[in-house]
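Q: Need coordinates for the below:
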Amino acid sequence: MYIISKYKDYYDYLAQIYGVDKKVVYFRKPEIVEGGMGYSTDIRIERNGQSSLYYIYHDYIWICDKSFPVVYVRRELTDFGWFYYSYEDLIAAWPELKPRKSRFKWFTGRNFLLDHFQGVSTAKLNTKYDCPQLWTHHNNIHKDILLKDCDFQKMMSPEQVFQNVSMWVSAKPEPPQTVPTDMHRFEAKGFDKKTSFRNM
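A: A predicted model of the protein is given here:
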């Protein structure tokens, strides 16, 4: 697979090991579109004597039409956040989020990540948005995300991601080829249909 991107992801180096196939091109260009399906809540947490507001998002990472539920935690007024793919990892880092009777009903125990995501795996969002790597974050869909920024190496090895993305890109149908006509050649040289050689 031949990867065209301004930024490096954690599996890109495998292209040099497996060989670069320029017939299989992945043009990775980050873009944000509307249509996310996650939801969020917020909580004020005091740490080291300082109280800050944190936003907790129920999100998804999509790789080649397979969904991975994830919780994303971000402190207010910052762009940086933390990704957690298991209840144990989240609670170990943020014990303040441990379930209580009167709050966080969406925390239902060890399988809380799965409770909100029933039926999502059949959505095939990668096919819908023509992109092998997606992050459905709150109300937006982030296309061509860098998986290293999402700590996704915890879920899939570089080899697994590279092979999945490569197969997904190679399986895409090629755009229909149009046979160039005299008018196509004419316009390609900078002329238009209204221009006549007699008037030049």
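Q: any chance you could map the strands in this protein?
A: Here the chain has its strands, by DSSP state E, at 2-4, 25-27, 31-34, 39-47, 50-63, 66-75, 81-84, 133-137, 140-143.
Q: In contact with the nearest residue to Trp82 once chain neighbours are set aside, which residues?
A: Closest residue to Trp82 apart from its sequence neighbours, by CB to CB, 6 or more residues apart in numbering: Val73 at 4.9 Å. Every C-beta, even on glycine, is put in place using the N, C-alpha and C of the backbone. Applying CB atoms under 8 Å, 6 or more residues apart in numbering, we find Val73 in contact with Tyr54, Tyr55, Ile56, Tyr57, Gly81, Trp82, Tyr84, Leu90, Ala93, Trp94.
Q: I'd like these laid out as a markdown table, including pLDDT.
A: A markdown table is the format used below for the contacts of Val73 (pLDDT from 0 to 100):
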| residue | pLDDT |
| --- | --- |
| Tyr54 | 90 |
| Tyr55 | 90 |
| Ile56 | 87 |
| Tyr57 | 88 |
| Gly81 | 92 |
| Trp82 | 95 |
| Tyr84 | 92 |
| Leu90 | 87 |
| Ala93 | 92 |
| Trp94 | 88 |
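Q: Among those, the buried ones, what's the ChimeraX command?
A: To isolate the buried ones among these in ChimeraX, judged by 16 or more other CB atoms under 10 Å, type:
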select :54,55,56,57,81,82,84,90,94
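Q: Deepest in the core, which of the strands of the chain is it.
A: strand 133-137 (a mean of 25; mean count of other CB atoms under 10 Å).
Q: Kindly provide the distance from the residue nearest to Val33 when sequence neighbours are not counted to Phe162.
A: Among residues not flanking Val33 along the chain, Ile141 sits closest, at 5.1 Å (CB to CB, 6+ apart). According to CB to CB, to the nearest Å, Ile141 and Phe162 sit 23 Å apart.
Q: Point to the helix or strand of this protein where mean pLDDT is at its lowest.
A: Least confident helix or strand, the chain: helix 112-115 with a mean of 49, by mean pLDDT, DSSP states H and E.
Q: what bridges to the most centrally placed residue in the chain?
A: The centroid of the chain falls nearest to Leu134 when counting by CA atoms, centre = their mean (2.1 Å). Counting by DSSP bridges, Leu134 is bridged to Trp62, Lys143.
Q: quick one, what contacts it?
A: When contacts are taken as CB under 8 Å, 6+ apart, Leu134 is in contact with Tyr60, Ile61, Trp62, Leu125, Asn126, Ile141, His142, Lys143, Ile145.
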